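In: From the sequence below, what's the structure:
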Amino acid sequence: MSVRFRKVLLVLAILNLAVLQVVPGAAKTVLRVAVVAGDRIGDRGFTDSAREGLIRAAKDFDIQYKIFECKADASLYYDRTLAAAENFDLVFMDPGYFFDKELSEIAPKFPKVTFVYIDGTSDIPGVVSIDFKEHEGSFLAGALAGLMANNPKLKLGKPGKVVGFVGGADWPVIRNFLVGYEQGVKYVDASIKVESVFAGTHYDPAKGKEATLQAHKRGANIVFQAAGPSGLGVLEAARDAGFYAIGVDIDQCESQPGFIMASMLKRVDNAVYDTIKLAVEGKLAKGAVFPYGVREHGVGLCGCKHMENAVPKEVVEKLRDIEAKIARGEIVVNEYTPTSK
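Out: Residues are numbered from 1 along each chain as shown. Below you'll find the model as predicted:
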């Protein structure tokens with residue numbers, strides 16, 4: 001073999017090595033993320049909040065994502081969950097308690113897929129849980145209602161000693177809202193009564209409105225709702241009858257401007273973003289449980305721009321103090337148990 005030919009081979013080998021060094025970067029793995037939503041995009045609730053988290057994550061990380069909408073149709077739960085499991089690496093169940101049966105059947109068949117149970121905890125091995133402390137956020141909603149119900153500065157409705165709560169389906173998670181809300185009301189004024197009514201479903205705004213008007217007829221001048229899409233009927237009732245409502249899950253102030261005093265947020269968007277970030281970084285452990293309470297900025301009150309003058313400054317300051325005490329553990333908010341119903 002000539003010296004010249006050996007030099008040619010050496011040059012080719014160097015070029016080949018350079019190509020091999022570039023290929024791994026070109027073959028970077030893209031995380032495939034799905035959200036299986038009980039409702040649909042535009043629900044002004046969990047689906048929209050999860051979508052915001054996905055969009056934010058897509059700007060910061062190399063991911064592909066899709067939302068599987070079940071549109072409040074339980075007959076779609078299984079097929080949508082299966083399709084997500086077959087084609088994606090990280091699958092959010094939003095909210096998890098809609099899909100308990102489907103998840104228990106499908107998750108064990110896809111050990112390489114990481115399922116994330118939003119809004120609660122799952123005992124299915126390997127499933128990651130996002131556990132919102134809605135009772136803490138509801139305590140703040142109750143404190144707001146209690147501070148404003150009999151306040152002479154109340155601008156809608158008549159000041160009084162009754163506030164309301166409207167739930168959708170009578171589920172433990174919704175009872176947890178009620179327990180925290182009642183405790184918050186009583187914390188600021190033990191003499192105020194809480195009228196609670198359940199619509200019986202999360203998917204009928206007309207029934208949500210009917211339940212709200214029942215509470216209002218019993219004297220409630222501020223009503224907090226935890227009723228999913230049925231809650232839109234709660235907000236409509238507040239507008240029609242002329243009193244204040246407190247929204248839930250996302251900022252609902254634009255739903256009925258001027259009639260929503262505040263919204264109790266569950267930051268599904270933050271939870272989705274945080275979980276994707278951990279997965280991209282290779283730090284997401286299967287079976288992990290992530291609490292999202294006041295301390296973790298997972299729940300809290302959101303004021304409304306239309307209501308800047310409706311809630312007095314001294315009330316806002318009192319709420320900030322209460323929030324800080326919850327975060328520090330000085331106020332311990334009760335959780336629902338079957339015996340507390």
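In: contacts, neighbours, all on C-alpha from now
Out: Fine.
In: which stretches of the stretch 51-200 of the chain form strands?
Out: Along the stretch 51-200 of the chain, the stretches classed as strands by DSSP state E, counting those that start in this stretch are 63-69, 90-94, 114-118, 128-132, 162-167, 193-198.
In: In its sheet, which strands sit next to the last one, and in what direction?
Out: Partner strands and pairing direction for strand 193-198 (DSSP bridges) are strand 162-167 (parallel).
In: Let's have the strands of the stretch 51-200 of the chain in CSV, adding mean pLDDT and distance to E317.
Out: Formatted as CSV, the strands of the stretch 51-200 of the chain follow (pLDDT from 0 to 100; distance: least, C-alpha to C-alpha, whole Å):
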stretch, mean pLDDT, distance to E317
strand 63-69, 98, 39
strand 90-94, 98, 34
strand 114-118, 99, 32
strand 128-132, 98, 25
strand 162-167, 99, 21
strand 193-198, 98, 23
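In: Show me the one of those strands that comes nearest A310.
Out: A310 sits nearest to strand 162-167 of all the strands of the stretch 51-200 of the chain, at 16.9 Å, using C-alpha to C-alpha.
In: May I have that closest one as CSV, with CA atoms only?
Out: Only the C-alpha atoms of strand 162-167 are listed here, as CSV (Å, rounded to 0.1, in the frame of the first residue of the first chain):
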residue,chain,number,x,y,z
VAL,A,162,-75.5,33.7,54.6
VAL,A,163,-73.1,32.6,51.8
GLY,A,164,-73.5,29.7,49.4
PHE,A,165,-71.6,26.8,47.8
VAL,A,166,-72.7,24.9,44.7
GLY,A,167,-71.0,21.6,43.8
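In: what sits up against it?
Out: Where contact means C-alpha atoms under 8 Å, 6 or more residues apart in numbering, the residues beyond strand 162-167 that reach it are 145-146, 149, 174-175, 178, 192-200, 208, 211-212, 215-216, 218-227, 231, 234.
In: Show me where this structure has its helices.
Out: Across the chain, reading from the start of the chain, the helices by DSSP state H fall at 3-26, 46-60, 77-87, 100-106, 134-149, 172-188, 205-217, 231-241, 268-280, 313-328.
In: Comparing those helices, which stretch has the densest surroundings?
Out: Relative to the other members of the helices of the chain, helix 134-149 carries the highest mean neighbour count by mean count of other C-alpha atoms under 10 Å, namely a mean of 29.
In: So for it, mean pLDDT?
Out: For helix 134-149, the mean pLDDT works out to 98.
In: swap in stretch 326-337?
Out: Computed over stretch 326-337, the mean pLDDT rounds to 97.
In: buried stuff in it?
Out: Residues of stretch 326-337 classed as buried under the neighbour-count rule (16 or more other C-alpha atoms under 10 Å) are 326-327, 333-336.
In: possible to save those as TSV with distance to A285?
Out: Formatted as TSV, the entries for the buried residues of stretch 326-337 read as follows, by distance: C-alpha to C-alpha, whole Å:
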residue	distance to A285
I326	28
A327	26
V333	29
N334	29
E335	27
Y336	28
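In: and which of these is nearest to R56?
Out: Of all the buried residues of stretch 326-337, R56 sits closest to A327, with 26.4 Å by C-alpha to C-alpha.
In: hang on, isn't that closest one packed against G298?
Out: No. Counting by C-alpha atoms under 8 Å, A327 sits too far from G298 to count as a contact (11.2 Å).
In: So what would you say the end-to-end distance of stretch 91-105 is?
Out: The separation between the terminal residues of stretch 91-105, taken as C-alpha to C-alpha, to the nearest Å, is 15 Å.
In: Touching that stretch from outside, list them.
Out: Residues lying outside stretch 91-105 but in contact with it, judged by C-alpha under 8 Å, 6+ apart, are 33-38, 46-47, 50, 77-78, 81, 84-85, 113-120, 124, 272.
In: rerun at 6 Å
Out: The contact list for stretch 91-105 (C-alpha atoms under 6 Å, 6 or more residues apart in numbering) reads 33-37, 78, 115-119.
In: Over to stretch 321-334?
Out: The contact list for stretch 321-334, computed with C-alpha under 6 Å, 6+ apart, reads 136, 294-295.
In: one step back: right, so of the strands of the stretch 51-200 of the chain, which gets closest to Y187?
Out: Across those, the minimum distance to Y187, taken as C-alpha to C-alpha, is reached by strand 193-198, at 12.1 Å.
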